[in-house]
Every structure is written in structure tokens, then in C-alpha cells.
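**Q** Below: sequence and its predicted model.
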Amino acid sequence: MKQCAICKEQKELKEFYKDNRHKDGHYSICKKCHKDKVSNYKTTSLKDRYINKAIERARRKYPGVTFNKEEIYFMANEYCPRCGNKLSYGYNSKYSPTLIIQQDGSIAIICRTCRNI
């Protein structure tokens, strides 16, 4: 018997995927919770994931500033306000979004190219 790290239910070991990195040789999340976690990740749009990551990075960079997620989603335009290039939410794109705090204290979402200027 093993307890799932998410649902906290005691389940048989056959209810867990095998994983040699753990002492008991099984993953810490049951198969059902793991499937739910994966399906939720797949249904989240790429844009949402990029904006969430940008918020996480901005919170680390600007620890005293609070970020309202709804406001930032509203600000996330299709184009960078500085250069006008279309924001790309693909991997390794030079136009992927980044949150910055401008000199006037407002928050802006710009592309990676403009951030590096």
C-alpha cells in the first residue's frame, strides 16, 4: 500500500507507475492523478503557459511588486508594443513574451528581442 501525493488515498502499488528513482520503485502519484495532471497540462494553451512562466520570472526579478494575472492576460496582445513584431508562443522563439516593469512603474509584455536591447 502506498499513499498518493495528490489525492492522499492509500492504494495498491499496481495503481502507481513504475519509477526506479524512488526507493519503492514506483511514482509518488497514482495513475489516475497522473493522467488528470497530464490532461490538464495538455488542455492549457501554450500562451497561458508562457504568460504564467513570465509572471513567475517577474516575481523573482521584482520581489516587491504584485502581479494581477487577469490584468496581465488582458495586456497580452498579439504584438510587442515596442517593435510591433507578432509575439510567438513557440519554443526557442526570439519573439516569446517577457514581463518588464517600465520606468513609470507600469507593467508591459514585450518580446525577448526588445528585452535584450
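**A** Yep, it's here.

**Q** Enumerate every residue touching residue 58.
**A** Residue 58 is in contact with 65, 67, 99, 100, 101, 107, counting by CB atoms under 8 Å, 6 or more residues apart in numbering. Placement of C-beta: from N, CA and C, glycine included.

**Q** Assign it to helix, strand or coil.
**A** Three-state assignment for residue 58 (DSSP: H, G, I helix; E, B strand; the rest coil): helix.

**Q** pLDDT averaged over the helix or strand hosting residue 36 - what is it?
**A** Assigned by DSSP states H and E, residue 36 belongs to helix 31-43. Regarding helix 31-43, the rounded mean pLDDT is 84.

**Q** Please save the CA atoms from that helix in CSV.
**A** C-alpha atoms of helix 31-43 as CSV (Å, rounded to 0.1, in the frame of the first residue of the first chain):
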residue,chain,number,x,y,z
LYS,A,31,-2.1,6.6,-12.3
LYS,A,32,-5.5,8.4,-12.1
CYS,A,33,-4.0,11.6,-10.7
HIS,A,34,-1.1,11.4,-13.1
LYS,A,35,-3.5,11.2,-16.1
ASP,A,36,-5.5,14.1,-14.8
LYS,A,37,-2.4,16.2,-14.4
VAL,A,38,-1.2,15.4,-17.9
SER,A,39,-4.6,16.1,-19.5
ASN,A,40,-4.8,19.4,-17.6
TYR,A,41,-1.4,20.4,-18.9
LYS,A,42,-2.3,19.5,-22.5
THR,A,43,-5.5,21.5,-22.4
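
**Q** Just the residues contacting it, thanks.
**A** Residues contacting helix 31-43 (CB under 8 Å, 6+ apart): 4, 5, 6, 7, 15, 16, 17, 27, 29.
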